[in-house]
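Novice: Please work out how this folds:
(one chain, ligands or ions: 1)
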Amino acid sequence: MINFSSFYQQISDSNLQYWLETIPALLGDWQRAHKHGNLPKWEKILNKLNYPAPDHLDLQNNVTIGTGNQLSNGEKEKLENLLQLLHPWRKGPFHIHGIHIDTEWRSDWKWDRVSPHISPLKNRTVLDVGCGSGYHMWRMLGAGAKRVVGIDPSTLFLCQFEAIKRLTDPDLPIHLLPLGIQELPPLDAFDTVFSMGVLYHRRSPIDHLLQLRDQLRTGGELVLETLVVDGDENTVLVPDDRYGKMNNVWFLPSVKALVKWLEKCDFIDVRCVDEDLTSLAEQRRTSWMRNESLVDYLDPNDITKTVEGYPAPKRATIIAIKNEPNHDLV
Ligand SMILES: Nc1ncnc2c1ncn2[C@@H]1O[C@H](C[S@+](CC[C@H]([NH3+])C(=O)[O-])CC(=O)[O-])[C@@H](O)[C@H]1O
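Specialist: Modelled structure (predicted):
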């Protein structure tokens, strides 16, 4: 069973230690709820990932684990087959012992757009909300973060993350907790909090911003990346039903509206550092993600629109600073 004891041990003398009062009970509930279903099957795969410590690790330029020289061709084939059993792989790419996990998303492109604008992560304690399988968490560690915690409710993403961690070094200060942001007690402790690709999945976007703020220390930095639409500070798209075939999209604000929301939540130095239309090269079907992808979500006669007729996905990255200690905004 995936257990979180090394996380508890590692944070016990850090400023995250207050979580020990609440998180173990939440994760205990999670473990009980997932005793059946897919988790036991995926854990069997994880238990087969017994490989030597890698002879090479690059987390700075990409995520590369091992040169590929440590395993025979047969061993590589076996490892590739095991990793394929954790299909679909959405966020990456990962290079593991010479195996290229060509994921649906070129998440490295997002990192290249975001990372030049943020405060250096060296020695910072970082939270990645909605971290998926953890691709950006590895890059955050590669950028020198002291500790990286990711949260994401998806059990498959947790198992993919655990697979990569077992093939790297299980003692590294990087942890994924299968929780939603709304479950986290306020901590007032992280130096940087990332929320990338999550805001539009939340039914209450202002509460999401406040929950992110609650995790930051005063003066800490929020890195918010989300889908936006063109328009003024009062423009927000609320799709009638689906957006790009997704049934869990609620609010797509303009950049100006988002800046206003952040300022209303008492963030300061709010600035948009990047806007980008998602290209068909960034999100696509591959042999590691064989389901529908962006091309199937867009109007085949006009790729500037989704199949529902809404503007095609455009993403913005906004950076903001927490101004004051936690307090309730009334
Ligand atoms: N309440 C919640 N709390 C935390 N996570 C959640 C919640 N609801 C959904 N998620 C998770 O948020 C992630 C959104 S993907 C972004 C991945 C990465 N950040 C990326 O930027 O590539 C969207 C995208 O592809 O853009 C999924 O992994 C959900 O399980």
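Novice: Does the residue nearest to Tyr51 when sequence neighbours are not counted lie in a helix or a strand, and which?
Specialist: In this structure, Tyr51 finds its nearest non-sequential neighbour in Leu167, 5.9 Å apart by CB to CB, 6 or more residues apart in numbering. (Each C-beta comes from the backbone N, C-alpha and C, glycine too.) In this structure, Leu167 sits in helix 155-168 according to DSSP states H and E.
Novice: One more: Arg139?
Specialist: helix 135-142.
Novice: what about the spatially most central residue of the chain, which helix or strand?
Specialist: With distances taken as CA atoms, centre = their mean, Cys131 lies nearest the centre of the chain, 1.7 Å away. When elements are assigned from DSSP H and E, Cys131 belongs to no helix and no strand.
Novice: oh, and call the first residue 43 from now on, that's how I've got it
Specialist: Noted, 43 is the first residue going forward, which turns the last one into Cys173.
Novice: follow-up on the earlier one: the ligand versus the residue nearest to Tyr93, what's the distance?
Specialist: Per CB to the nearest ligand atom, to the nearest Å, Leu209 is found 21 Å from the ligand.
Novice: Asn111: how many residues sit nearby?
Specialist: Counted with other CB atoms under 10 Å, residues neighbouring Asn111 total 9.
Novice: out of everything not next to it in sequence, what's closest to the residue nearest to the centre of the chain?
Specialist: Per CB to CB, 6+ apart, closest to Cys173 is Gly192, 3.1 Å.
Novice: Could you do Val235 as well?
Specialist: Val235's closest residue in space is Leu169 (CB to CB, 6+ apart), at 4.7 Å.
Novice: Name all residues that make contact with that neighbour.
Specialist: 191-193, 232, 234-236, 257 (CB atoms under 8 Å, 6 or more residues apart in numbering).
Novice: give me that answer again for 10 Å
Specialist: 58, 179, 182, 189-193, 219, 223, 226, 229, 231-237, 254, 257-258, 262 (CB atoms under 10 Å, 6 or more residues apart in numbering).
Novice: ok, and of the residues you listed, which contact the ligand?
Specialist: Contacts with the ligand within the contacts of Leu169, counted by CB under 6 Å from any ligand atom: 193, 223.
Novice: Out of the contacts of Leu169, list just those in strands.
Specialist: Members of the contacts of Leu169 lying in strands (criterion: DSSP state E): 189-193, 219, 232-237, 258, 262.
Novice: of those residues, closest to the ligand?
Specialist: Ile193 (5.4 Å; CB to the nearest ligand atom).
Novice: how close does that closest one get to Lys152?
Specialist: 18 Å (CB to CB, to the nearest Å).
Novice: Please apply the same query to Leu251.
Specialist: Applying CB to CB, the value for Leu251 to Lys152 is 20 Å.
Novice: cool, and Leu229?
Specialist: On the measure of CB to CB, Leu229 and Lys152 end up 26 Å apart.
Novice: Of these two, give the one with the bigger neighbour count.
Specialist: Set Leu229 next to Lys152 and count neighbours by other CB under 10 Å: Lys152 wins out with 23 against 19.
Novice: Could you tell me how far Met331 is located from Leu258?
Specialist: Met331 is 33 Å from Leu258, by CB to CB.
Novice: Neighbour count: these two, which is higher?
Specialist: Just comparing Met331 and Leu258: by other CB under 10 Å the higher neighbour count belongs to Leu258, 24 against 21.
Novice: For my notes, confirm Ser48 occurs in a helix.
Specialist: Yes. Using DSSP: H, G, I helix; E, B strand; the rest coil, the secondary structure at Ser48 is a helix.
Novice: Would you confirm that it contacts Glu204?
Specialist: No. Counting by CB atoms under 10 Å, Ser48 does not reach Glu204; the two are 11.6 Å apart.
Novice: Identify the contacts common to these two.
Specialist: With contacts defined as CB under 10 Å, 6+ apart, the residues shared by Ser48 and Glu204 are Pro212.
Novice: what's the neighbour count on the spatially closest residue to Lys356 that is not a sequence neighbour?
Specialist: Nearest residue to Lys356, sequence neighbours excluded (CB to CB, 6+ apart): Leu319, at 5.1 Å. Using other CB under 10 Å, Leu319 has 12 neighbouring residues.
Novice: next one: the one 5 residues further on
Specialist: Applying other CB under 10 Å, we find 18 residues neighbouring Glu324.
Novice: ok, whichever residue of the stretch 43-192 of the chain sits closest to the ligand - contacts?
Specialist: Distances between the stretch 43-192 of the chain and the ligand by CB to the nearest ligand atom are smallest at Gly172, namely 2.8 Å. For Gly172, the contact set (CB under 10 Å, 6+ apart) comprises 192-196, 199, 222-223, 236-241, 243-244, 250, 267.
Novice: Close to the ligand: what parts of this structure are there?
Specialist: Proximity of the chain to the ligand, by CB under 6 Å from any ligand atom, involves residues 133, 149, 152, 171-174, 193-196, 199, 222-224, 238-240, 243.
Novice: If we use 8 Å, what do you get?
Specialist: 132-133, 147, 149, 152, 170-175, 177-178, 193-196, 199, 221-225, 236-240, 243-244, 267, 269, 290, 325, 357 (CB under 8 Å from any ligand atom).
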